[in-house]
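> When you get a sec, could you give me coordinates for this:
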Amino acid sequence: MAMTGRSPSRELNARTLILGALLSAVLSGANAYLGLFAGMTVSASIPAAVISMGILRPFGGTILENNQVQTAASAGESAAAGAIFTLPALVILGAWSRFDLLLCGVLIAIGGALGVLFTILLRPALVVPETLPFPEGAATAEILRAGHGLSSAPEQESRGALSLLVMGSVWGALVKFAESGLSLSRAAVEVAVTSGQKVFYLGTGTSPALIAVGYIVGLEVAVVIFLGGAFNWLGVLPFVAQPEEGATALQSAWKAWSEKTRFLGVGAMTVGGIFTLGQVRGPILAAVAAGFSAFNFRAKAAPGAALHERDLPARWVMSALLLSVVPLYFVFYHVTGAALLAAIVSVLVLLFGFLFSSVAAYMAGLVGSSNNPVSGVTIATILFTSLFLSTCGAFLSGGSAAQVGPAAALLVGSIVCVAAAIGGDNVQDLRAGQLVGATPYRQQIMQFVGVAVAALVLGSVLQLLLNAYGFGAPSEQHPHALRAPQATLMASVATGVYGGDLPWKFVFAGAALGALVALIDFLLVRAKSRMRVSVMAFALGLYLPWELSGPVLLGGVLAWQTSRGKSGRRSALGVLLAAGLITGEALMGIALAVAVAGWGGFGALLTVGKAESTLLTLIFVAITVVLFARVRKGSAASEVRS
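Numbers count the residues shown, from 1 in each chain. Sure thing, here's the model as predicted:
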């Protein structure tokens, strides 16, 4: 039930715009670092809501102001999630030597604006009827209510939320500083050995941020990610990797993964995206029809119409969608130099963007943003676009498409990826707003604000991270390289289609494996089992370096431990601690990148450490586990007293 009796002037004003823009800039940068480091991103809604309450409370901030702030911050974060999965691929494949800041900003702005416009059309059908759970949106609304004394949750759940977020941020930053700044601890502990002609690998990451990601996604998803990694690294890689003269066992293992077995994840993600489309085709078509029919293009809102029912005017939305073809055309004409090809690709972007934003929005409402198939649909987009350009592009462009095809496919994928990421996260924010009585069109304005800020800052953040760390496999020049797993994958798919060197047998094997997992999940649903096996989570595990799966699994176990009480749910305080760990580590990573850019290298920055200690690394992990255990203890105590 939406709240009523609010003052409109206390919802969207100068301070909400300024604070929302600032948090959008900070959290989009933090999420960019996390995605390039771990291949996964998380929602910024809850930490943004808590930060805004802490800042605005001394000035009489209202729940609606706090909701508007988190809406802008979430939009910026989700734009970052879409951008870092694709734009770094242009650097990785060599199309760019550095980030084109203007083009990056234009691509993010177009993709983000399309995502917002599409969710405006979908809101009447997906959000208003209250038929989907929207887990992150409901959680954000509960945090906002608790912070303003309007929740039925135990008092202990809302007390000290900001201090817990700050504590997690400080600890995450300290661990990152010890590891990357002082070289006192390790980012991962790994070992590989050869036996005959086989190479066996074991490894695990140690980052508090990865443990926090596992806590947020939960045990079920974390286990599936881990099983995907185990299948690849323990079941397939030993039979594919070959010991090479002059290379260590560890180098041989990573080479086999990079050139061959990670493409199992490509096939599985593609099938996962198609499977998801099949699952939601009925609800999506119904939502699209209902969304369009809900608009009267000639009538204006009645003077007495409830604010919680008002979206931005339909004629504005449709006009903006039609006009978006113009900047799309000029972007692709600038890249390809072919007018007809640019026009066709622009239309493809709109079609793909609307289709996959709809899928992302529906899936976010059904199972949450963490389980959204954004990677899968982006890969499907890049594959289809690459195949289209490689077959028809030469005819439509007079031959120029052959030279720019991979880059053009990645540009299409970047816009679609940003739109889909925005579509998934924005409906969560609209649902949170509905629960606290916010005005939809004001939230939609803040979503545009968040996207605009992200478009302004992300290109510079990406360039900063490239200069300081580099992307891809670690090298002598960039020993602390961010692996950028998703972007590396997108680049490999685009160039592989054109070069003919894509390891198709692994792609097809991964597709078959993804189909098998999808069948298992379908049978579990038919059997009405509470257990689910996410195709996208399994595919992500297949693709990611296995060292990332270990701490994610640990975080999932900690989340399960937290939910073992009577409530059967993870503590909101635990989610805040996890968000703090992620934010602190990411912001420290960016701060170190600024220092590196200013002083020319880690050696010039600090020379205190350089003796990485496994024991100290394990101590850091143990302290992180203890922090989550204390959260569980506090939650259990509140359950007993409530």
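
> Packing partners of the helix or strand hosting residue 21?
Here residue 21, judged by DSSP states H and E, is contained in helix 14-38. Using 3 or more Cβ pairs under 8 Å, 6 or more residues apart in numbering; DSSP states H and E as the contact criterion, the secondary-structure elements in contact with helix 14-38 are helix 45-56, helix 63-84, helix 208-217, helix 440-468, helix 485-499, helix 572-599. C-beta here means a position set from N, CA and C on the backbone, and glycine is covered the same way.

> How far away from the center of its chain is the fifth one?
Relative to the mean C-alpha coordinate of its chain, helix 485-499 is positioned 19 Å out (Cα atoms, centre = their mean, to the nearest Å).

> Can you name every helix or strand that that helix contacts?
helix 14-38, helix 87-92, helix 263-293, helix 374-388, helix 401-436.

> Give me the angle between that helix and helix 401-436.
On the basis of axes from the mean of the first three to the mean of the last three Cα atoms, to 10 degrees, helix 485-499 is oriented at 150 degrees to helix 401-436.

> Then the third one?
With the same axes, to 10 degrees applied, the angle from helix 208-217 to helix 401-436 works out at 60 degrees.

> Tell me the confidence at the residue of the chain positioned farthest from its centre?
Largest separation from the mean C-alpha position in the chain: residue 196, at 40.6 Å (Cα atoms, centre = their mean). Model confidence at residue 196, given as pLDDT, is 75.

> Just give the number of residues close to residue 23.
Summarising burial for residue 23: neighbours were counted as other Cβ atoms under 10 Å, giving 26.

> Tell me the spacing between it and residue 34.
Counting by Cβ to Cβ, to the nearest Å, the gap from residue 23 to residue 34 is 16 Å.

> Which residue ranges of the stretch 151-300 of the chain form strands?
Secondary structure of the stretch 151-300 of the chain (DSSP state E, counting those that start in this stretch): strands located at 188-195, 198-205.

> so can I have JSON lines of those showing mean neighbour count and distance to residue 101?
Putting these into JSON lines (neighbours: other Cβ atoms under 10 Å; distance: least, Cβ to Cβ, whole Å) gives the following:
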{"stretch": "strand 188-195", "mean neighbour count": "15", "distance to residue 101": "32"}
{"stretch": "strand 198-205", "mean neighbour count": "20", "distance to residue 101": "31"}
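
> Pick out the shakiest of the helices and strands packed on helix 485-499, pLDDT-wise.
If the helices and strands packed on helix 485-499 are sorted by mean pLDDT, helix 263-293 sits at the bottom with a mean of 70.

> Surely residue 408 and residue 337 touch.
No: using Cβ atoms under 8 Å, residue 408 is not in contact with residue 337, being 10.6 Å away.

> Any idea which helix or strand in the chain has the lowest mean pLDDT?
The least trusted helix or strand in the chain, going by mean pLDDT, DSSP states H and E, turns out to be helix 602-605, with a mean of 44.

> Out of residue 408 and residue 337, name the residue with the larger neighbour count.
residue 408 (28 against 15).

> Relative to residue 341, how far out is the more buried one?
With the distance defined as Cβ to Cβ, residue 408 ends up 8 Å from residue 341.

> thinking again about what came up before, between the helix holding residue 21 and helix 45-56, how big is the angle?
Between the axes of helix 14-38 and helix 45-56, defined by the same axes, to 10 degrees, the angle is 140 degrees.

> quick one on the thing from earlier: the helices and strands packed on helix 14-38: which one's closest to residue 539?
Between residue 539 and the helices and strands packed on helix 14-38, the shortest separation by Cβ to Cβ is 10.6 Å, and it involves helix 485-499.

> which element follows that closest one toward the C-terminus?
Tracing the chain C-terminally past helix 485-499 and defining elements by DSSP H and E, one meets helix 504-526 next.

> In contact with residue 317, which residues are there?
117, 120, 121, 295, 311 (Cβ atoms under 8 Å, 6 or more residues apart in numbering).

> So, low pLDDT: which residues of the stretch 1-150 of the chain?
Scanning the stretch 1-150 of the chain with the threshold set as pLDDT under 70 gives 1-9, 38-40, 42, 132-133, 135, 149-150.

> Ok, the stretch 501-642 of the chain next?
Within the stretch 501-642 of the chain, the stretches with pLDDT under 70 are 501, 563-572, 593-612, 632-642.

> Could you rerun that using 90?
By pLDDT under 90, the low-scoring segments of the stretch 501-642 of the chain are 501-508, 511, 514, 517-552, 555-621, 625-642.

> Any chance of a markdown table for the contacts of residue 317, columns secondary structure and neighbour count?
Below are those laid out as a markdown table (DSSP: H, G, I helix; E, B strand; the rest coil; neighbours: other Cβ atoms under 10 Å):
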| residue | secondary structure | neighbour count |
| --- | --- | --- |
| 117 | helix | 26 |
| 120 | helix | 26 |
| 121 | helix | 25 |
| 295 | coil | 17 |
| 311 | coil | 23 |
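
> Max pairwise distance over those: which two?
Taking Cβ to Cβ as the measure, those reach their widest spread between 117 and 295, a distance of 12.3 Å.

> for stretch 506-519, which positions count as buried?
Using 16 or more other Cβ atoms under 10 Å as the burial criterion, the residues of stretch 506-519 that qualify are 506, 507, 509, 510, 511, 513, 514, 515, 517, 518.
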